[in-house]
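*Asks:* Sequence plus the predicted model coming up.
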Amino acid sequence: MINLFGYRVSWSQLAWIGHRASGLGVLFYLFLHIVETSTVLFGPDVYNAAVGIFRNLPFRLLEILLMAAPVYQALKGIRVIANGLWPGSARSS
């Protein structure tokens, strides 16, 4: 158990929160990517301005998190598949 902001949180609860947060992050990026790509309909100046927004440091750091999110999702999925194939491998606490 971990004491987080005065609450006792287990590792499985943190994994659940991480799984949901990474999924929502990837979904938000997909929406943002669709909006950014659709600005090409308004001309090259609007598109270049939209792309220019994503070239600053905060968005570059978020891209690093974006690369980590699908990896986390995939590893969690492999764990779920392994627990389904070999039920005895799951620890019960």
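*Replies:* Yep, it's here.

*Asks:* Just list what the strand or helix carrying Val71 packs against, helices and strands only.
*Replies:* According to DSSP states H and E, Val71 maps onto helix 57-85. For helix 57-85, the packing partners by 3 or more C-beta pairs under 8 Å, 6 or more residues apart in numbering; DSSP states H and E come out as helix 11-38. Every C-beta, even on glycine, is put in place using the N, C-alpha and C of the backbone.

*Asks:* pLDDT (mean, whole number) over the helix it packs on?
*Replies:* Averaged across helix 11-38, pLDDT comes to 90.

*Asks:* now the helix holding Val71, how far from the centre of its chain.
*Replies:* 6 Å (C-alpha atoms, centre = their mean, to the nearest Å).

*Asks:* Going by neighbour count, which residues of it are buried?
*Replies:* 69, 72-73, 76 (16 or more other C-beta atoms under 10 Å).

*Asks:* So which residue is dead centre in this protein?
*Replies:* Centroid check for the chain by C-alpha atoms, centre = their mean gives Ser22 as the closest residue, at 2.5 Å.

*Asks:* Find the nearest non-adjacent residue to that residue, please.
*Replies:* Sequence neighbours aside, Ala69 is the residue nearest to Ser22 in space, at 3.9 Å (criterion: C-beta to C-beta, 6 or more residues apart in numbering).

*Asks:* pretty sure that neighbour contacts Gly25?
*Replies:* Yes - the pair Ala69 / Gly25 is scored as a contact, 5.2 Å apart, by C-beta atoms under 8 Å.
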